[in-house]
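# The following block contains a protein sequence and its predicted model.
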Amino acid sequence: MENIVTVIMAGGMGERLKPLTLYRAKPAVPFGGVFRIIDFTLSNCMNSGLRKIFVLTQYKSHSLSNHLSSGWSFLPRRMDHFIEEIPAQMQMGDEWYKGTADAIRQNMLFIEEKKPTHVLILSGDHIYKMDYRIMKKFHDEKEASMTISVIRVRAEEARKQYGVLEVDENGKIIGFEEKPEEPKTIHDTNECYVSMGIYIFNMDSLQRNLQNNLTDFGRDIIPMMVKDGERVYAFDFMKYNVLKEYEYITKDGQRIKVKVPRASDSDYWRDVGTIPSFWSANLDLVAPKPLFNLYSELWPLYINPQHFPPAKFVHEAAGRTGMAVNSIVSHGVIISGSIIRNSVISPGTYIHSYSVIENSVLMGGTMTAGELNETQIGRHCRIRNAIIDKNVKISGGTTIGYNREEDEKKGLWISEIPNSDIYIVTIPKGFSL
């Protein structure tokens, strides 16, 4: 992996994730209590042995820049190992990035200086575990010029949402459409292969295909390469990321194949680019057997450590017992005589007595000039199906998530969950209610 340069795309506007992206880039949005979204991609890189990483930023990058400089600056530069932010600088002409391919083109000088044989291009706003070494091995075995990591999703989910691929029996991509109205399905199924936005290029192939000034990989570059018959292959994430097969020979000469979980053992992947997908992905973490497990010793997830005291639960009396069930409660949280169910509570949150919080994500508080600006939930509050951003103050007796009309009158953001009666309430950063 030493000859690979990794480029993480972290410059998107995140329009569909507002109001969480009003003041920050999408990869910098808090997730899962103590993480930022980009931490999952960066942790995958560390666990896969990738040590030359550029992070391309553009919109509202201040929070992300601080996070990278304070939490991800530990690689030894003297060994040419780095995680380096490259802000948009109009390297070519007088325009900002016009698409994913244009972002790479404008920064090819930095990539070429490292003389890589391959370039791995990743998105900074997805939640998953992946061993990129497995994908690189697949790429080499297929003698591919480009490999795209894909997952299988239902056709109705893929429609107008993802780049959809057609793949032959050997894994070669023979067709590609970006966000089609009628996605082509896998033979005899209602599923499609869709792009995860993870690409491995041979360096010479990347250089050649960027010379035509096309701006986007999904819309322009990939369809052109497939049409031209280049060796573009699909890496099936769900097939290759989960189990590894070993062959043993017994004393009597029998060959036995055994499947063993990989360190990155997970077929979970979520694009958390909308409020409903972000909310549901957070709640995927809290079950006794979660869909996505944060507690993997073999595949550690790295964070920017925050200096808060341990979590504290206080009071034990009728109707006033501090407790949390099926929830993530981070350090720096005080639950004072309230009940938390099926929720994620981030550092710097103070929940006062007699309140009930259910199916919600609270992003906590921040340290400013040595003082903690907490998220405060007053007494006798009832909150459900909510996302509460940092530094929010909610007065005692407030009800959220029970009456849509009343929530709209309070000026809160409302998001509908498709095919459901549930709606999600989002409270922006610094809001007082």
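Yes, it's here.

# hey, let's count contacts and neighbours off CA atoms from now on
Noted.

# Next secondary structure after the top strand by length along the chain?
Looking across the chain with DSSP state E, the single longest strand is strand 191-202. Secondary structure here is assigned by DSSP states H and E; on that basis, the next helix or strand after strand 191-202 toward the C-terminus is helix 203-209.

# what about residue 276, which SS state?
Classification of residue 276 by DSSP: H, G, I helix; E, B strand; the rest coil places it in helix.

# Not counting sequence-adjacent ones, nearest residue to it?
residue 417 (6.0 Å; CA to CA, 6 or more residues apart in numbering).

# is it true that that neighbour touches residue 280?
No - under the criterion of CA atoms under 8 Å, residue 417 is not in contact with residue 280, lying 9.8 Å apart.

# Which one of those two is surrounded by more residues?
Between residue 417 and residue 280, residue 280 has the larger neighbour count (other CA atoms under 10 Å), namely 17 against 13.

# now what about the strand or helix carrying the more buried one, what contacts it?
In this assignment (DSSP H and E), residue 280 forms part of helix 275-283. Applying CA atoms under 8 Å, 6 or more residues apart in numbering, the set of residues contacting helix 275-283 from outside is 16-18, 31-32, 270-272, 342-344, 359-361, 387, 415-417, 424.

# List the buried residues of that helix.
Taking 16 or more other CA atoms under 10 Å as the basis for neighbour counts, the residues of helix 275-283 that come out buried are 275-276, 278-283.

# quick check, nearest of those residues to residue 207?
For those, the closest approach to residue 207 (CA to CA) belongs to residue 278, at 35.2 Å.

# Let me know the distance separating that closest one from residue 42.
As for residue 278, its distance to residue 42 is 19 Å (criterion: CA to CA, to the nearest Å).

# Just the buried residues of the contacts of helix 275-283.
So, of the contacts of helix 275-283, 17-18, 31-32, 272, 342-344, 359-361, 387, 424 end up buried under the neighbour-count rule (16+ other CA under 10 Å).

# what's the most distant pair in those?
By the measure CA to CA, the buried ones among the contacts of helix 275-283 have their two most distant members at 18 and 342, which lie 23.2 Å apart.

# which residue packs closest to residue 410, ignoring adjacent ones?
In space, residue 410 comes closest to residue 433 once its chain neighbours are excluded; the distance is 7.8 Å by CA to CA, 6+ apart.

# so where do the helices sit in the stretch 151-300 of the chain?
Ranges of helices in the stretch 151-300 of the chain, per DSSP state H, counting those that start in this stretch, are 155-158, 203-209, 222-227, 237-240, 275-283.

# Please tabulate those helices in JSON lines, including the columns distance to residue 383.
Putting these into JSON lines (distance: least, CA to CA, whole Å) gives the following:
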{"stretch": "helix 155-158", "distance to residue 383": "30"}
{"stretch": "helix 203-209", "distance to residue 383": "50"}
{"stretch": "helix 222-227", "distance to residue 383": "45"}
{"stretch": "helix 237-240", "distance to residue 383": "36"}
{"stretch": "helix 275-283", "distance to residue 383": "14"}
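
# Please identify the deepest-packed of these.
Comparing these on average neighbours per residue, with mean count of other CA atoms under 10 Å, the densest one is helix 275-283 at a mean of 20.

# in the helix or strand just after that helix, what's buried?
Reading on from helix 275-283 to the C-terminus, the next helix or strand found by DSSP H and E is strand 312-314. The neighbour-count check on strand 312-314 (16+ other CA under 10 Å) flags 312-314 as buried.

# Let's have those residues in JSON lines, adding pLDDT.
Listed next are these as JSON lines, based on pLDDT from 0 to 100:
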{"residue": "312", "pLDDT": "97"}
{"residue": "313", "pLDDT": "97"}
{"residue": "314", "pLDDT": "96"}
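
# Out of the residues you listed, the closest to residue 407 would be?
Checking the buried residues of strand 312-314 against residue 407 with CA to CA, the nearest one is residue 313 at 29.0 Å.

# Which residues are in contact with the closest one?
The contact partners of residue 313, by CA under 8 Å, 6+ apart, come to 322-323, 334-337.

# So which of those are in helices?
With helices defined by DSSP state H, no entry of those lies inside them.

# Domain map for the protein?
Domain assignment for the chain, taken from automatic domain parsing, gives 4-244, 308-427.

# Who are the packing partners of the longest strand of the chain?
Helices and strands touching strand 191-202, by 3 or more CA pairs under 8 Å, 6 or more residues apart in numbering; DSSP states H and E, are strand 118-123, strand 146-154, helix 155-158, strand 163-167.

# Just want the angle from it to strand 146-154.
What separates the directions of strand 191-202 and strand 146-154 is an angle of 160 degrees, with axes from the mean of the first three to the mean of the last three CA atoms, to 10 degrees.

# Could you quantify the relative orientation of strand 191-202 and strand 163-167 as an angle?
An angle of 90 degrees separates the directions of strand 191-202 and strand 163-167 when computed by the same axes, to 10 degrees.
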